[in-house]
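Student: Provided below are the primary sequence and the corresponding predicted coordinates.
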Amino acid sequence: EVTPESWTKNFRGLFMSRHHTLAEKQEILRLHEDGASMVELMTRFHVSDYYLYILFGRYKKYGIDGLENYKKTVISLELKLQIIKEYEEDCLPLWQLCVKYDVSHSSICRWIQQYKSGGYEELYRHKQRGRPIKNMGRPKKKEPQTELEKLQAENLRLRAENALLKKAKVLMEEKRAKTKDSGL
């Protein structure tokens, strides 16, 4: 079955996140206020329970403006550690932390995983995003090792020099021919 609803499901039957429009989010809130259960909303809109908790919490805290997507901001290391502390020590659910600090669920999960795998240092380490920078310069030439390699390198250099001299000779002859034709 190839429908937009089927695209949001992964192979285990769990729901994968997709971006919902403002109208869809408002419809979810309207249905919830009309008494629709969480299971009905999860099934109809193909969302998880934590998504609904975050949506309801953001609406309660910010109103309609809270239904918009998160603003991209840089979170300080101290705030990340505070969020992790509240999650682990105070046992606050992730959705409450998402609403409280206006941070996405996936970001908090990533920070917790980094902290558990490598502690403070792993969380502190700045990871560059995007494609790694390629060295656009010319590759360094290797110095020839054996006598044969030295001779081959010299032969290659002499061939290049010979080709350059031939090209220069042709250009000089063309320049002389143009000056003869123009009468200078």
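Tutor: Structure received.

Student: could you point out which element follows the helix or strand bottoming out on mean pLDDT in the chain?
Tutor: In the chain, no helix or strand scores lower on mean pLDDT, DSSP states H and E than helix 4-7, which sits at a mean of 48. Counting by DSSP states H and E, the next helix or strand C-terminal to helix 4-7 is helix 22-33.

Student: Walking through this protein, point out its helices one by one.
Tutor: Taking DSSP state H as the test, the helices found in the chain are 4-7, 22-33, 38-45, 49-62, 77-88, 94-101, 105-124, 147-182.

Student: how far is the longest one from where the chain is centred?
Tutor: Computed by CA atoms, centre = their mean, to the nearest Å, the separation of helix 147-182 from the middle of its chain amounts to 49 Å.

Student: so what are the domain limits for the chain?
Tutor: 17-69, 72-125 (the TED database).

Student: Mean neighbour count for these - can I get that in CSV?
Tutor: Any C-beta I mention is one placed from the backbone N, CA and C, and that applies to glycine too. Below are the domains of the chain laid out as CSV (neighbours: other CB atoms under 10 Å):
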stretch, mean neighbour count
domain 17-69, 14
domain 72-125, 14
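
Student: Kindly reformat those domains as TSV containing mean pLDDT.
Tutor: Listed next are those as TSV, based on pLDDT from 0 to 100:
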stretch	mean pLDDT
domain 17-69	85
domain 72-125	84
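
Student: could you redo those as TSV and give each row distance to T179?
Tutor: Output for the domains of the chain, formatted as TSV (distance: least, CB to CB, whole Å):
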stretch	distance to T179
domain 17-69	69
domain 72-125	64
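
Student: Can you measure across stretch 89-105, start residue to end residue?
Tutor: 18 Å (CA to CA, to the nearest Å).

Student: picking that back up, tell me which of the domains of the chain sits nearest to E174.
Tutor: domain 72-125 (58.9 Å; CB to CB).

Student: Give me the distance from the closest one to the chain's centre.
Tutor: 19 Å.

Student: And for stretch 34-52?
Tutor: Going by CA atoms, centre = their mean, the spacing between the C-alpha centre of stretch 34-52 and its chain's C-alpha centre is 29 Å.

Student: Now it - C-alpha only, PDB.
Tutor: Output in PDB follows, covering the C-alpha atoms of stretch 34-52 (Å, rounded to 0.1, in the frame of the first residue of the first chain):
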ATOM      1  CA  ASP A  34     -13.700  17.200  22.100                       C
ATOM      2  CA  GLY A  35     -12.800  14.100  24.000                       C
ATOM      3  CA  ALA A  36     -10.800  12.000  21.600                       C
ATOM      4  CA  SER A  37      -8.500   9.600  23.300                       C
ATOM      5  CA  MET A  38      -4.700   9.500  23.000                       C
ATOM      6  CA  VAL A  39      -4.900   6.100  21.100                       C
ATOM      7  CA  GLU A  40      -7.400   7.600  18.600                       C
ATOM      8  CA  LEU A  41      -5.200  10.600  18.000                       C
ATOM      9  CA  MET A  42      -2.100   8.400  17.700                       C
ATOM     10  CA  THR A  43      -3.800   6.100  15.200                       C
ATOM     11  CA  ARG A  44      -5.500   8.800  13.100                       C
ATOM     12  CA  PHE A  45      -2.500  11.100  12.800                       C
ATOM     13  CA  HIS A  46       0.300   8.500  13.000                       C
ATOM     14  CA  VAL A  47       2.100  10.100  15.900                       C
ATOM     15  CA  SER A  48       3.600   8.800  19.100                       C
ATOM     16  CA  ASP A  49       2.300   9.500  22.600                       C
ATOM     17  CA  TYR A  50       5.300  11.700  23.500                       C
ATOM     18  CA  TYR A  51       4.600  13.800  20.400                       C
ATOM     19  CA  LEU A  52       1.100  14.400  21.700                       C
END
